[in-house]
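> Need a 3D model of the sequence below.
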Amino acid sequence: MSDVTIRGMVPEDASVMAAAFSAIGWASKTVELFTRYSQEHTADARHVLVAFAADEFAGYVTINWKSEYQPLAGASIGELQDLNVLPSLRRHGIATRLLEAAEAAVSRRSRKVGIAVGLHPGYNAAQRMYVLCGYVPDGNGVTVGNEFVQEGQTVTMDDDVVLHLVKDLAPL
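Model prediction:
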């Protein structure tokens, strides 16, 4: 898809983003969430990139500059979070372009970037994309709510069960 534009979020995007996700039944993507993202973007606590295809909202990604995941936070590595492309626009390279734009933003502050990916089948496409884009496991194992899963521990396979990945970026 050649007519994709990626830019930083502006406050007016919050309602557009929430409406797009509401239309597909994603109740967790509220105007309150996107308003908070916009406020954090303005305060430089989070960087939010939005994608538009043919002037229609297509997706977004955020960079949390202060990750709650200690291995990233301790190394001052930005964490890409909440990468989403509307289902009708997937498989057109929009997620990859959002990922690349976010990596470029992180590279101005750090030589590495982090991302977490869920382990249940709903994340199969994301798992594959991240590996193909050069992300590798950080070597610390699986977490649930940023707490490391211990050998023999039973967990419920939901969105909170993730593997953290990192990627080396070009030197500063």
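
> Please export the C-alpha coordinates of stretch 145-155 as CSV.
Output in CSV follows, covering the C-alpha atoms of stretch 145-155 (Å, rounded to 0.1, in the frame of the first residue of the first chain):
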residue,chain,number,x,y,z
GLY,A,145,2.4,-8.8,34.3
ASN,A,146,6.1,-8.1,34.2
GLU,A,147,6.8,-10.9,36.8
PHE,A,148,9.0,-13.7,35.6
VAL,A,149,7.4,-17.1,35.2
GLN,A,150,9.2,-19.7,37.2
GLU,A,151,9.8,-23.3,36.1
GLY,A,152,6.8,-25.4,37.0
GLN,A,153,4.6,-22.4,37.5
THR,A,154,1.1,-22.7,36.0
VAL,A,155,-0.2,-19.7,34.1
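
> Return the set of buried residues in it.
Neighbour counts over stretch 145-155 (16 or more other CB atoms under 10 Å) mark Asn146 as buried. The C-beta positions use only the backbone N, C-alpha and C, and glycine is treated the same way.

> contacts for it?
Residues outside stretch 145-155 that contact it (CB atoms under 8 Å, 6 or more residues apart in numbering): Glu68, Tyr69, Gln70, Asn140, Gly141, Val142, Thr143, Val144, Asp160, Val161.

> how near is the second one to Ser88?
So the one you mean is Tyr69. Counting by CB to CB, to the nearest Å, the gap from Tyr69 to Ser88 is 31 Å.

> Neighbour count: those two, which is higher?
More neighbours surround Tyr69 than the other of Tyr69 and Ser88, with 19 against 11 (other CB atoms under 10 Å).

> Tell me how many other residues surround Ala95.
Ala95 has 23 neighbours, counted by other CB under 10 Å.

> That should have said Arg108, apologies.
Counted with other CB under 10 Å, Arg108 comes out at 9.

> Counting neighbours, what do you get for Thr156?
8.

> Sorry, slip of the keys, the one I care about is Met129.
16.

> any idea how far Asn140 is from the most far-flung residue of the chain relative to its centre?
Relative to the C-alpha centroid of the chain, counting by CA atoms, centre = their mean, Gly152 is the outermost residue, at 29.3 Å. Between Gly152 and Asn140 the computed distance is 17 Å (CB to CB).

> now swap in Pro11 and tell me
Between Pro11 and Asn140 the computed distance is 36 Å (CB to CB).

> so Asp3 sits right up against Ala53, yeah?
Yes: counting by CB atoms under 8 Å, Asp3 touches Ala53, with 6.2 Å between them.
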